[in-house]
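Participant: predicted structure and sequence below. I'll ask about it afterward.
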Amino acid sequence: MRRYDLALIGFGGVNRALAELIAERGDELADELGFALRVVAITDLRAGSLVDVEGIDLAPLLATGPGELAFAGMEGGNADPRNEWVIREVPADIVAEATFTNPADGEPAVSHVRWALEAGKHVCTTNKGPVALRGRELKELAVRHGVSIEFEGAVLSGTPVLRTAERLLSGLRITGVEGIMNGTSNFILGRVEDGADFEAAVKEAQDLGYAEADPTADVEGHDVQLKVMILANEVLGADLRPEDVFREGISGITAEDIKDAVDKGLRWKLVGSATRRSDGGVDARVAPMALPADHPLAGIAGPLNAVAFRTDLLGTVTVSGPGAGRIETAYALLSDIIAIHQRHANDAAASSGHVVEEALHG
Ligand SMILES: NC(=O)c1ccc[n+]([C@@H]2O[C@H](COP(=O)([O-])OP(=O)(O)OC[C@H]3O[C@@H](n4cnc5c(N)ncnc54)[C@H](O)[C@@H]3O)[C@@H](O)[C@H]2O)c1
Ligand SMILES: N[C@@H](CCO)C(=O)O
């Protein structure tokens, strides 16, 4: 059976949840998917780095609280993350990048992805920075090195929006996308609608693992701005930069505004959209909107998100599902690994994917 060795860059909510999936359901997944997964390296800003080319024993790491994990002193461990060395030199097949999203220039995640691709390693990432800000260049780099870069989790966590557009809507002309694309802000708006305090709702979203490391990115619309860029670039063939996407967040909406809207049968939602103009250009924006209760997006509640594709032959096709969450986003990484396997299982390049003796698996 083929086996893929993984290097996890960033060991916060998402990559820990991926490690949990591998530790708890690895055998079941191998039976179902036809390949095994093994973690050979982990790096994290706070915990340091840990390398074991024979496979890291994940159970003790997962039994340690996130804030308490320190790799220094463990065999193969170091207090320093040593990202570049790990990404370039440790013999892994796939690099899973899940460090902080930097909406300004995407770094250092852009470099993490570039190092991996240059080293001939596939990349799966949930990090919106590299995809939104440097996606075109990184995809070209991947092609040049005969590897894949997959990023389903960059939009709507594990809900398959990008792959639906790429694989299931091909042949249609997509003229625009519109949706609720931030779990945190949607959760906050709902909680304030229920009477909670705004700041308390932000804290709840952080505790539930929905929010960015700096939740300003959620509340002020930077996160949706990046997602709109990704959708516009991937689905509408645009090449948008942040300054091309008008952005307004939800911080200007008061509890009073929310109550007034409810009294009028309206619901405040943070809506992102990208629309193809008749001259071929794309208009894109992020802004709060008070939607009538019967609007298809008005009922999308809590961390649930939705993206509606406007198409020529089918009219509007909407994909809805979790927009945030640790395990939901770890599933996005798993779906990326499945996509890499499906694309490369028979490649010569994939011969770096190790073959595990059948005998080991019965
Ligand atoms: N949590 C979600 O619901 C969700 C959904 C979709 C996408 N994402 C994206 O996935 C990524 C990870 O999200 P998360 O919820 O796990 O975040 P997190 O803040 O829980 O974890 C990020 C981890 O990366 C580490 N890190 C940061 N910079 C690093 C660096 N330079 N080198 C090594 N480690 C570094 C941090 O120490 C932290 O442990 C983010 O980019 C986020 O935007 C998250
Ligand atoms: N912070 C983001 C994570 C998913 O990208 C959200 O709340 O939607």
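Facilitator: Right, received. Where do you want to start? Ligands and ions are numbered 1, 2, ... in the order given.
Participant: what mean pLDDT does stretch 51-69 get?
Facilitator: In this model, stretch 51-69 carries a mean pLDDT of 96.
Participant: okay, that stretch in CSV with CA atoms only?
Facilitator: The C-alpha trace of stretch 51-69 is given here as CSV (Å, rounded to 0.1, in the frame of the first residue of the first chain):
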residue,chain,number,x,y,z
VAL,A,51,11.6,15.0,13.3
ASP,A,52,11.5,11.3,13.2
VAL,A,53,11.8,9.8,9.7
GLU,A,54,10.5,6.5,11.0
GLY,A,55,7.2,8.3,12.0
ILE,A,56,6.4,10.4,15.0
ASP,A,57,4.4,8.8,17.8
LEU,A,58,1.5,11.2,17.8
ALA,A,59,-0.4,10.0,20.9
PRO,A,60,1.8,11.6,23.6
LEU,A,61,1.8,14.9,21.6
LEU,A,62,-1.9,14.9,21.4
ALA,A,63,-2.3,14.1,25.0
THR,A,64,-0.3,17.3,25.8
GLY,A,65,-2.3,20.6,25.9
PRO,A,66,-1.6,22.9,22.9
GLY,A,67,0.0,25.6,25.1
GLU,A,68,2.2,23.1,26.9
LEU,A,69,3.8,21.3,24.0
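Participant: got the buried residues for that stretch?
Facilitator: Neighbour counts over stretch 51-69 (16 or more other C-beta atoms under 10 Å) mark V51, D52, I56, L58, L61, L62, L69 as buried. To be clear about C-beta, it is placed using only N, CA and C from the backbone, and glycine gets the same treatment.
Participant: pull the most distant pair out of the residues you listed.
Facilitator: Largest separation among the buried residues of stretch 51-69 by C-beta to C-beta: V51 and L62, giving 17.5 Å.
Participant: spell out which parts of the stretch 151-300 of the chain neighbour ligand 2.
Facilitator: S157, N182, G183, T184, Y210, A211, E212, D218, D223 (C-beta under 6 Å from any ligand atom).
Participant: now the residue of the stretch 1-150 of the chain found nearest ligand 2. Nearest residue, chain neighbours left out?
Facilitator: Scanning the stretch 1-150 of the chain for the residue nearest ligand 2 gives K128, at 6.5 Å (criterion: C-beta to the nearest ligand atom). Among residues not flanking K128 along the chain, L226 sits closest, at 4.1 Å (C-beta to C-beta, 6 or more residues apart in numbering).
Participant: and that neighbour, how many residues sit next to it?
Facilitator: 27 (other C-beta atoms under 10 Å).
Participant: what about the helix or strand that V40 is a member of and ligand 1, touching?
Facilitator: Element membership of V40 [criterion: DSSP states H and E] is strand 35-44. Yes: Strand 35-44 is in contact with ligand 1 by C-beta under 6 Å from any ligand atom, via T43, D44.
Participant: and whatever helix or strand comes next after that strand, what does it pack onto?
Facilitator: Using DSSP H and E, the next helix or strand after strand 35-44 towards the C-terminus is strand 48-51. Secondary-structure packing of strand 48-51 (3 or more C-beta pairs under 8 Å, 6 or more residues apart in numbering; DSSP states H and E): strand 35-44, strand 77-78, helix 83-89.
Participant: so can I have CSV of those showing distance to ligand 2, mean neighbour count and mean pLDDT?
Facilitator: Putting these into CSV (distance: least, C-beta to the nearest ligand atom, whole Å; neighbours: other C-beta atoms under 10 Å; pLDDT from 0 to 100) gives the following:
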stretch, distance to ligand 2, mean neighbour count, mean pLDDT
strand 35-44, 19, 24, 98
strand 77-78, 29, 18, 98
helix 83-89, 22, 18, 98
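Participant: of the residues of the stretch 151-300 of the chain next to ligand 2 - the most surrounded one?
Facilitator: Highest neighbour count within these, by other C-beta under 10 Å: N182, with 34 neighbours.
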